[in-house]
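[1] only geometry, no sequence info:
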C-alpha cells in the first residue's frame, strides 16, 4: 500500500496584507500549507490587489503548488466617520448623537457622522446600536430628522471608521455598493477563483453578484458571507444561490450575540454541506497569534471543533495579513487540522434520503462513497472537467482521499476549497474512457499517490472532454508499474 505522509483534508485560507508582503513570506505561507489566499478589497487600492494577485501566481509556480485567489468585497459595512482630534472616550450614561448628514462635520465626544445616511429610517427608540464589534454600545432615545440621539450604554474608546451594527439586525442597506460593483470588475480582471459577497441578506443579493461577475467576464465561484442576522431565516435560499458559504463570525456575533454563535456556526456548516455547497469558517480563529508565536488552547479547540463539525476550510484574517508570525499561524492551523482529523473519523449517512440528489453526477458520487465505505479502497479518482463531480464527492464525508483530475487550471483552483479533494493536473490524449482511466491511474502511481495492490473507485463520463457528464463508476485494481490489473464496470 502507498505510504505517503498523511494528507490534510481541511483546507486553509489566509488573508494577504502588509505582513505577507515581506520578502519571501508569501512563499513561506504557501509552503506551510495555504490553499487559497484572500484579497480583502476593503483595504488598499486596485493596483495593490493587482500586484498581490500577480505575486501569488508567481509564488505558487515557484513553490510548485496550485493556489486559489479569493477576492472579498467590502460590502456596505456601516461605519462611523472620522473624529476631529483623534479617538474619543465615551462614558456610560453620556448623550451621544449619530449625525446622518452628508456634510456632517468631524466628530467629537458628543457626536459623529455615519457612512449610511439612511440609518434614521431603520432605527427607533429603544434600539441598541453596537460600535467597534460591540465594544461600545448606544441605546437610541429618539430619532429627530437626520439625527439619532442616543445614550451611551457601554462606554469606551471610539476611533475613526469603526463599524456599526444594530443588535438583532434589520438594517436595510443594499448588499452591493458602487465600490463593490467596481471591485467585481477588478476580480474578473485579475482572474479571481472565488468572489466573496459581504453582508448578504437574500438569494437575490447573490444572483445580482453572479450576473455582474458574468457580465465582467469572470467565472469565479461565489462565496456568501453570513454575517447578518437577517440572513438566518432565509439561510437555505442563500446557500442554494451560492457556491461556497462563509461563517463570518465577527459581525454575525455582534448582531445575534456571542451566546448564540456556537450553535449557529454548527447549523450553518451542517446545512451548507447537506445542500452540496462548500463552507469556510472564519474570524479570530487564531487571534492571539497576531502577536504570539503560538495559539491559546481555546483557539486550538475552536479550530478543531470547526474541523470536527465538517467545515471545508478555516481562514486566517489579521493573523496572516498584519500579524507578527504569518507563517507560524499557518503552520499552527495545519497542525490543528491534522490533529482533529486523526482523532475523529467521519461517519457519514450514505442513504439517499440524507442528501439532495438532483443530478446524475450527484447520484454517482453517492454510489462511489457507498462502495468505498463497504469494500475499502485506497482512493477515489474523479475524471472531471469542471470539478462538479469532485464537489459532490466531497459532500459525503469520508477518510478516503479524492483525487480530482482535470486539464483546466481554473477548475482545479476552484476545487482547492473542497474538503478531502486533491486536484491533479491531467491532460488526456484520448477520448476513450477506458484508456483515460488507465492513464489516470498510472499518473497517480508514478506520483506516489497509489501503490501496487491498491483498489480505487473511479468516476467519469461516457464522453471524455465534456463537462457535466459523469455517469460511470468503475473499480480498479493497481498492478505492477501502475498497470490496471482489473477493470470492472459496477
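    Thanks, I have the structure now. Only a predicted model underlies this, so the values are computations on that prediction, with no experimental measurement involved.
[2] could you check how far residue 444 is from residue 437?
    To residue 437, residue 444 is 11 Å away according to C-beta to C-beta, to the nearest Å. C-beta: built from backbone N, CA, C; applies to glycine.
[3] and for residue 401?
    The gap separating residue 401 from residue 437 is 17 Å, by C-beta to C-beta.
[4] ok, now residue 41?
    Counting by C-beta to C-beta, the gap from residue 41 to residue 437 is 42 Å.
[5] over to residue 88?
    Counting by C-beta to C-beta, the gap from residue 88 to residue 437 is 68 Å.
[6] when these two are compared, which one has more neighbours?
    Neighbour totals were compared for residue 88 and residue 437, and residue 437 leads with 23 against 17 (other C-beta atoms under 10 Å).
[7] is it true that that one touches residue 457?
    No - contact status for residue 437 versus residue 457: not in contact, 11.1 Å apart, counting by C-beta atoms under 8 Å.
[8] quick check: buried residues in stretch 276-291?
    If you call a residue buried by 16 or more other C-beta atoms under 10 Å, then stretch 276-291 has these buried ones: 276-290.
[9] try stretch 21-38
    Here stretch 21-38 shows 25-38 as buried, counting by 16+ other C-beta under 10 Å.
[10] list the contacts of that stretch.
    8, 11-16, 19-20, 52, 55-56, 59-60, 62-63, 65, 67-70, 72, 193-194, 196, 313, 315, 317, 320, 326-327, 330-331, 333-334, 416-417 (C-beta atoms under 8 Å, 6 or more residues apart in numbering).
[11] residue 179 - that's part of a helix, no?
    Yes - when classified by DSSP: H, G, I helix; E, B strand; the rest coil, residue 179 is found to be part of a helix.
[12] how about the contacts made by residue 286?
    By C-beta under 8 Å, 6+ apart, the contact set of residue 286 is 295, 299, 303, 316, 319, 329, 332-333.
[13] what's in contact with the strand or helix carrying residue 334?
    For residue 334, the host element (DSSP states H and E) is helix 326-343. Residues from elsewhere that reach helix 326-343, judged by C-beta under 8 Å, 6+ apart: 6, 8-10, 12, 14, 19-20, 25, 28-29, 32-34, 285-286, 289, 293-295, 300, 303-305, 307-308, 314, 316, 319-320, 323.
[14] and if you look at stretch 259-276?
    226, 232, 235-236, 239-240, 245, 247, 249, 252-253, 256, 278-279, 281, 306, 309-311, 354-356, 362, 391-392, 395, 397.
[15] show me which of those are buried.
    The neighbour count (16+ other C-beta under 10 Å) marks 226, 232, 235, 239, 245, 247, 249, 252-253, 256, 278-279, 281, 306, 309-311, 355, 362, 391-392, 395, 397 as buried among these.
[16] among these, which lie within helices?
    If you go by DSSP state H, the buried ones among the contacts of stretch 259-276 have 235, 239, 249, 252-253, 256, 306, 309, 362, 391-392, 395 in helices.
[17] what two of these are the furthest from one another?
    253 and 362 (33.6 Å; C-beta to C-beta).
[18] picking up where we left off before, between residue 437 and residue 457, which contacts overlap?
    Residues touching both residue 437 and residue 457 by C-beta under 8 Å, 6+ apart: 474, 476.
[19] write the PyMOL selection for whichever of the contacts of helix 326-343 are buried.
    Here is the PyMOL selection string for the buried members of these, based on 16+ other C-beta under 10 Å:
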select buried, resi 8+9+10+12+14+19+20+25+28+29+32+33+34+285+286+289+295+300+303+304+307+308+314+316+319+320+323
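[20] so of the contacts of helix 326-343, which ones are in helices?
    25, 28-29, 32, 300, 303-305, 307-308, 319-320.
[21] check contacts around residue 99.
    Contacts of residue 99 (C-beta under 8 Å, 6+ apart): 105, 107, 111-114, 146-147.
[22] sorry, back to before: which of the ones in helices among the buried ones among the contacts of stretch 259-276 has the weakest pLDDT?
    The weakest per-residue confidence within these falls on residue 362 (76).
[23] need the contact list for the residue nearest the centre of the chain.
    Nearest to the mean C-alpha position of the chain, by C-alpha atoms, centre = their mean, lies residue 280 at 3.7 Å. Residue 280 sits next to 13, 223, 244-247, 311-315, 417 when contact means C-beta under 8 Å, 6+ apart.
[24] same thing but 10 Å
    11, 13, 36, 38, 70, 194, 196, 223, 225, 244-248, 269, 272, 306, 311-315, 417 (C-beta atoms under 10 Å, 6 or more residues apart in numbering).
[25] show me what it is bridged to.
    Taking DSSP bridges as the rule, residue 280 bridges to residue 246, residue 313.
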